[in-house]
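Enquirer: I would like to see how this sequence folds:
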Amino acid sequence: MNKDEFLIELQDIVHDSLFIGGHKDDLNKEISANRWSISVSMQLASQLTVSDFINFFHKVIENRQQQILKSNSDHGMLLYVWFDWQASQLRFNLISQIHERLPFSGKIEILDELEPIINEFIHFPYHDGIPIVETVNEGNDVQADFDRGSDPVKVFLISLPKK
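Expert: Model (predicted):
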């Protein structure tokens, strides 16, 4: 797949339907229904630019804002984007603003710009797979030698209000 074909394929995500929950009990359904993941090969990543993804996310935000405005919901939603380095995927999700925090179990760092996350995704050197070097410790347990440490996950967050 080349860059143009990939960008055309992303248009399906732009126009996907949004599920807006009515109360806090709908969090898991929102997470499941409003989650998207983007993967690329090393070859494709070398052709893509931060601008390609910024343009894509502007279209997504515009589409989701329109869906929120046309809905019967009385609240807006939170759109958040992060790079899942273990899966080599750029991911994003939407949950209702009624939720008190983003559904991450570890540490996160909220960013008000998308560029650093997209840049990390595009320039990640392991889109075609993470090389795992296995070592055997004294107890003969196999351990993976690839670890990003305890750095917080960088998350872009934007509120899409019900105006």
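Enquirer: other residues contacting stretch 106-125?
Expert: By CB atoms under 8 Å, 6 or more residues apart in numbering, the list of residues contacting stretch 106-125 from outside reads 42, 45, 48-50, 53-54, 57, 81-83, 85, 88, 90, 102, 150-157. (Glycine included, C-beta is placed from N, CA and C.)
Enquirer: oops, could you answer that again for stretch 153-162 instead?
Expert: Contacts to stretch 153-162, defined as CB under 8 Å, 6+ apart, come from residues 61, 64-65, 68-69, 71, 73-83, 94, 97, 102, 104, 106-114, 116-117, 120.
Enquirer: just the buried residues of those residues.
Expert: Among the contacts of stretch 153-162, those buried by neighbour count (16 or more other CB atoms under 10 Å) are 61, 64-65, 68, 73, 75-83, 94, 97, 108, 111, 114, 117.
Enquirer: returning to what we had before: among the contacts of stretch 153-162, which are in helices?
Expert: Secondary structure assignment by DSSP state H places 61, 64, 65, 68, 69, 116, 117, 120 of these in helices.
Enquirer: farthest-apart pair in the residues you listed, please.
Expert: Spanning the widest gap among the ones in helices among the contacts of stretch 153-162 are 69 and 120, at 31.8 Å by CB to CB.
Enquirer: beta partners for residue 96?
Expert: The residues listed as beta-bridge partners of residue 96 by DSSP bridges are residue 77.
Enquirer: hey, which helix or strand in the chain has the poorest pLDDT?
Expert: strand 142-144 (a mean of 42; mean pLDDT, DSSP states H and E).
Enquirer: distance from the helix or strand that that one is followed by to the middle of the chain?
Expert: Toward the C-terminus, strand 142-144 is succeeded by strand 153-160 as the next helix or strand (DSSP states H and E). Counting by CA atoms, centre = their mean, to the nearest Å, strand 153-160 is centred 9 Å from the centre of its parent chain.
Enquirer: which residues does residue 16 contact?
Expert: For residue 16, the residues meeting the contact criterion (CB under 8 Å, 6+ apart) are residue 36.
Enquirer: got it, and residue 95?
Expert: With contacts defined as CB under 8 Å, 6+ apart, the neighbours of residue 95 are 21, 27, 30, 31, 34, 77, 78, 80, 102, 103.
Enquirer: quick one: it from residue 157, how far?
Expert: As defined by CB to CB, to the nearest Å, residue 95 lies at a distance of 11 Å from residue 157.
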